[in-house]
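Peer 1: take a look and give me a structure for this.
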Amino acid sequence: MKFGNSKSYLALASFLMINSCTTAIERRMDKELGDLRGLQADQTIRISEMDQQIRQLTGRLDEVQHLSQGKTQAIEKSLEQLGNRLPPPSGVPEDLFSNDEQKISKIEGPAADLFRRALQTLRSGDFKGAQSNFNAFASQNPGTAFTDNALFWSGLSSMKLGEYDQAVVSFSEVYQKYPAEDMVAPALYFMGESLFALGSGSDGVLTFQKLIDEHPDSEYANKAKSRIKIPSGNKK
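Peer 2: Numbering: from 1, shown residues only. Next up is the predicted model:
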């Protein structure tokens, strides 16, 4: 009986010990799970805070970019306005240039944009670019109120490039194709100058004489008279 009772006690003790260990393990697991849940909660809070900070930073970045873009546009506009106040290059008739700028500013459309771009290129001193743009306008827009102007400015750009033969071609187109337009007188004058530059003085004199005869009241007629030594009181 004692031996049997000892076994019972031993079994009971073993059971109690196992049960105690299981309970301890469960408690430890519960604690670890609780700690893990707490850690996850903390991480969730931190992630939420980070998301909020990122949104705030993104909003500030968008605001900075918007302000920067606005300032950049303002600077570009100021530079454009400043560029428009600068005089055109030496040798470019400022009165004719300003007159064309004012007239084309009132017109909209691709053709007007091309003419404005050509004027801006000429103002910047890029004579090759101006020559190309004005030729493109004249080719794409024949017979308009600005075609003779484009041919004139193309001829003047050619002069500034030292391409006097091409300048003569452009100026001659002005008075041949558009004899009633307002650029004929200056075209004849600069054509005469181009002919002199080419060594064709006699042709230059004839061109100046044509200008004096056909446009006697033009300021360019007076310039032509001075060029060929004709007193301003005489027509020839």
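Peer 1: and this protein, what are its domain boundaries?
Peer 2: For the chain, automatic domain parsing gives the domain ranges 1-85, 94-227.
Peer 1: which element follows the worst-scoring helix or strand of the chain on mean pLDDT toward the C-terminus?
Peer 2: The helix or strand of the chain with the poorest confidence is helix 2-85; it has a mean of 66 (mean pLDDT, DSSP states H and E). Going down the chain from helix 2-85, the next helix or strand is helix 94-104, by DSSP states H and E.
Peer 1: got the buried residues for that next one?
Peer 2: Of the residues in helix 94-104, Leu96, Phe97, Asp100, Glu101, Ile104 count as buried by neighbour count, 16 or more other Cβ atoms under 10 Å. To be clear about C-beta, it is placed using only N, CA and C from the backbone, and glycine gets the same treatment.
Peer 1: from these, pick the one nearest Arg227.
Peer 2: Leu96 (18.2 Å; Cβ to Cβ).
Peer 1: quick one: contacts for that closest one?
Peer 2: By Cβ atoms under 8 Å, 6 or more residues apart in numbering, the contact list for Leu96 reads Phe152, Met183, Pro186.
Peer 1: mind putting these into TSV with pLDDT, distance to Asp217 and secondary structure?
Peer 2: As requested, the contacts of Leu96 are exported to TSV (pLDDT from 0 to 100; distance: Cβ to Cβ, whole Å; DSSP: H, G, I helix; E, B strand; the rest coil):
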residue	pLDDT	distance to Asp217	secondary structure
Phe152	98	19	helix
Met183	97	16	coil
Pro186	98	14	helix
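Peer 1: let's see if you can find the most crowded of these.
Peer 2: Neighbour count (other Cβ atoms under 10 Å) singles out Phe152 as the most crowded of the contacts of Leu96, with 29 neighbours.
Peer 1: which residues sit in contact with it?
Peer 2: Per Cβ under 8 Å, 6+ apart, neighbours of Phe152: Leu96, Ser170, Phe171, Val174, Met183, Pro186, Ala187, Phe190.
Peer 1: any chance of these in CSV, plus distance to Phe127?
Peer 2: Output for the contacts of Phe152, formatted as CSV (distance: Cβ to Cβ, whole Å):
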residue, distance to Phe127
Leu96, 16
Ser170, 13
Phe171, 15
Val174, 18
Met183, 18
Pro186, 17
Ala187, 17
Phe190, 14
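Peer 1: follow-up on the earlier one: turn the buried residues of helix 94-104 into CSV, including pLDDT.
Peer 2: Shown next, in CSV, are the buried residues of helix 94-104 (pLDDT from 0 to 100):
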residue, pLDDT
Leu96, 96
Phe97, 97
Asp100, 97
Glu101, 97
Ile104, 97
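Peer 1: what's the local residue count around Arg116?
Peer 2: Around Arg116 there are 16 other residues, counting by other Cβ under 10 Å.
Peer 1: ok, Ser194 - contacts?
Peer 2: Going by Cβ under 8 Å, 6+ apart, Ser194 touches Gly155, Met159, Tyr164, Asp165, Ala167, Val168, Phe171.
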